[in-house]
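Undergrad: Pasting a predicted model and its sequence here:
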Amino acid sequence: MLICPHCGAPLVRKEKAFCCESGHSYDIAKAGYCNLLQTNKSGDHTGDSKEMVAARRQFLDQGYYEGLAKAMCQQIKQLTKDKEDIQFVDAGCGEGYYTRQMVQALHESGKLKESIGIDISKSATQYAAKRDPYTQYITGSAYHMPLEDHCADVICSLFAPTPEEEFLRVLKSDGVVVCAVPGEDHLWELKCAVYDKPYQNREEKYQLHGFQRIGRQKFTYRVHLDRPEDIRTLFAMTPYSHRTSKIGMARLEALRELDVTLSFVILVFSAEETE
Ligand SMILES: [Zn+2]
């Protein structure tokens with residue numbers, strides 16, 4: 001599935017690098033990931049920092065989001081039940097918490113042909129690569145994925161951007177896009193604790209142009225957080241954490257424990273048929 005980000009030719013693995021026929025070569029790091037990001041060659045200034053990756057990983061490892069991971073695995077298995085040689089892409093895979101579980105499920109079904117996880121954060125792909133023997137992790141952008149046209153049976157996007165045109169380019173004509181987005185009441189109690197006027201999430205905004213929605217599954221459960229650092233990490237994982245006032249942040253810091261609603265919606269899309 002991989003193509004050269006420089007010239008677009010197919011990439012072939014040669015020992016410790018991916019190479020194209022024009023002689024471009026990309027080293028595979030010892031951890032197993034490959035950086036195909038053309039810009040930002042120095043350091044790791046894009047995407048999540050090492051500290052954010054570590055905090056999120058620590059939080060996810062406690063299993064609060066396991067319900068979502070299980071539901072995603074079920075969805076993927078169901079959606080691919082009539083397919084063979086599945087080519088799977090997780091766009092915006094983060095540290096691979098969901099990727100490796102979904103890919104494991106496909107691998108167990110004996111149908112996985114190739115799996116690619118893409119994330120803009122080098123720290124995230126590095127961490128993911130160490131823990132998943134079935135997926136090639138790539139440091140790259142979901143907006144310009146170094147992938148062939150119409151190669152993917154499944155593209156996943158969990159709490160990640162959904163660039164429609166790029167998804168349409170990479171997806172097979174009979175492929176599906178599976179998104180996980182926050183439900184209306186996701187983290188409601190946490191928002192109430194931090195904000196004067198909390199807003200619910202709006203599910204309608206998760207529509208993909210050029211696609212039709214063919215499936216939806218919502219589920220909601222409550223968890224009890226009794227470690228302040230978990231509460232802070234959970235908040236830092238949200239998109240609104242960057243635009244929270246000092247007062248709000250102080251309220252967050254003061255929270256010692258919290259019962260909070262987790263609510264997720266899994267949306268399944270297929271490409272709209274064009275005449
Ligand atoms: Zn090339």
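TA: Cool, the structure landed.

Undergrad: what does the stretch 1-150 of the chain put close to the ion?
TA: 4, 6, 7, 9, 20, 22, 24 (C-beta under 5 Å from the ion). In this view, the C-beta of every residue, glycine as well, is placed from N, C-alpha and C.

Undergrad: tell me the secondary structure for the third one?
TA: The three-state label given to residue 7 by DSSP: H, G, I helix; E, B strand; the rest coil is coil.

Undergrad: Just say helix, strand or coil for the residue nearest to residue 7 when sequence neighbours are not counted.
TA: Excluding the flanking residues, the one nearest residue 7 by C-beta to C-beta, 6 or more residues apart in numbering is residue 22, at 5.1 Å. Under three-state DSSP, residue 22 falls in the coil class.

Undergrad: give me every residue that touches residue 22.
TA: Shown in contact with residue 22 (C-beta atoms under 8 Å, 6 or more residues apart in numbering): 4, 6, 7, 9.

Undergrad: From these, pick the one nearest residue 31.
TA: Relative to residue 31, the closest of these is residue 4; by C-beta to C-beta it sits at 21.5 Å.

Undergrad: Residue 17 is in contact with that closest one, correct?
TA: No - Residue 4 is not in contact with residue 17 according to C-beta atoms under 8 Å; the separation is 11.7 Å.

Undergrad: following the helix or strand of the chain with the lowest mean pLDDT, which helix or strand shows up next?
TA: Lowest by mean pLDDT, DSSP states H and E among the helices and strands of the chain is helix 50-60, with a mean of 84. Going down the chain from helix 50-60, the next helix or strand is helix 66-79, by DSSP states H and E.

Undergrad: Give me the pLDDT value at the residue nearest the centre of the chain.
TA: Nearest to the mean C-alpha position of the chain, counting by C-alpha atoms, centre = their mean, stands residue 93 at 3.2 Å. According to the prediction, residue 93 has pLDDT 96.
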